[in-house]
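Engineer: Predicted structure and sequence below. I'll ask about it afterward.
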Amino acid sequence: MKSKTMFFGAAATAIALSAATISASPAQALSITPGSILNIGGVVQANPNNAAPTEFVFDAPFPEFGGGPGKTVIYKKGSTGSFAGLDRFAPIQNLTLTQLTPGGHLFSSGSVTNFITNIKAGISFDLTKFIYDNSKSSATFEGIFRSGTDSIAAKGGLFTSQLTSFNPASYSGSIAAIPTPAMLPGLIGLGMGMLRKRKREMAAANAEA
């Protein structure tokens with residue numbers, strides 16, 4: 001998978017997710033370990049354009065190895081806990097966007113059950129809220145990791161790309177399963193640290209290009 005790392009290391013975009021508040025289902029059997037981090041990436045296109053997006057279409061490189069339209073890359077590097085060691089492609093659904101206020105910069109998506117599936121042996125991610133700011137190429141989003149009848153719900157986050165400059169644009173992201181507020185400060189710091197690191201890597205790749 002070295003070629004995947006090279007592809008995204010040179011990409012002019014980055015995403016990080018830091019959690020704000022989390023709750024866990026009362027009957028949770030912890031098949032999804034609290035604090036587990038899932039790293040994903042690929043390519044996103046805003047249709048018809050970033051100025052007035054009505055749809056986000058997701059794609060992944062290397063169709064000969066399982067990538068292609070409707071897929072996202074799950075990265076082994078940076079994924080932890082229940083997602084540690086994963087290095088594969090997983091199905092991801094496109095998003096339908098609606099402008100929140102006429103002439104405004106904010107666009108939202110409704111909830112999407114099974115937004116990402118086949119993450120690992122029956123584990124999926126439901127998107128419950130997604131708000132995109134096209135002036136900054138950033139979005140806040142919320143979701144729920146599910147494994148059978150068990151679930152861990154995450155709230156908040158930071159999603160960044162460079163759709164203001166490129167369309168389509170590559171992206172990468174981190175999603176954390178955090179059931180208690182006590183774990184939040186460290187994981188928020190981790191998410192922001194990853195974002196800063198990816199920005200430095202991006203700048204170095206652009207300098208070498």
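Structural biologist: That came through fine.

Engineer: now the residue nearest to Leu97 when sequence neighbours are not counted, what's its secondary structure?
Structural biologist: Distance criterion C-beta to C-beta, 6 or more residues apart in numbering; nearest residue to Leu97, sequence neighbours excluded, is Phe107 at 4.2 Å. Every residue, glycine included, has its C-beta placed from N, CA and C. Assigned with DSSP: H, G, I helix; E, B strand; the rest coil, Phe107 falls in the strand class.

Engineer: Then Glu64?
Structural biologist: Under three-state DSSP, Glu64 falls in the helix class.

Engineer: And it, how far from Ala176?
Structural biologist: Distance, Glu64 to Ala176, using C-beta to C-beta, to the nearest Å: 31 Å.

Engineer: okay, those two: which has more neighbours?
Structural biologist: Neighbour comparison, Glu64 and Ala176: the larger count goes to Ala176, with 26 against 7 (by other C-beta atoms under 10 Å).

Engineer: Report pLDDT for the more buried one.
Structural biologist: In this model, Ala176 is scored at 85, pLDDT.

Engineer: Might one say that it is in contact with Ala154?
Structural biologist: Yes. In terms of C-beta atoms under 8 Å, Ala176 counts as a neighbour of Ala154; the distance is 6.3 Å.

Engineer: any chance you could map the helices in this structure?
Structural biologist: With helices called from DSSP state H, the chain shows them at 2-9, 184-208.

Engineer: mean pLDDT lowest for which of these?
Structural biologist: Ranked on mean pLDDT, the bottom entry among the helices of the chain is helix 2-9, at a mean of 40.
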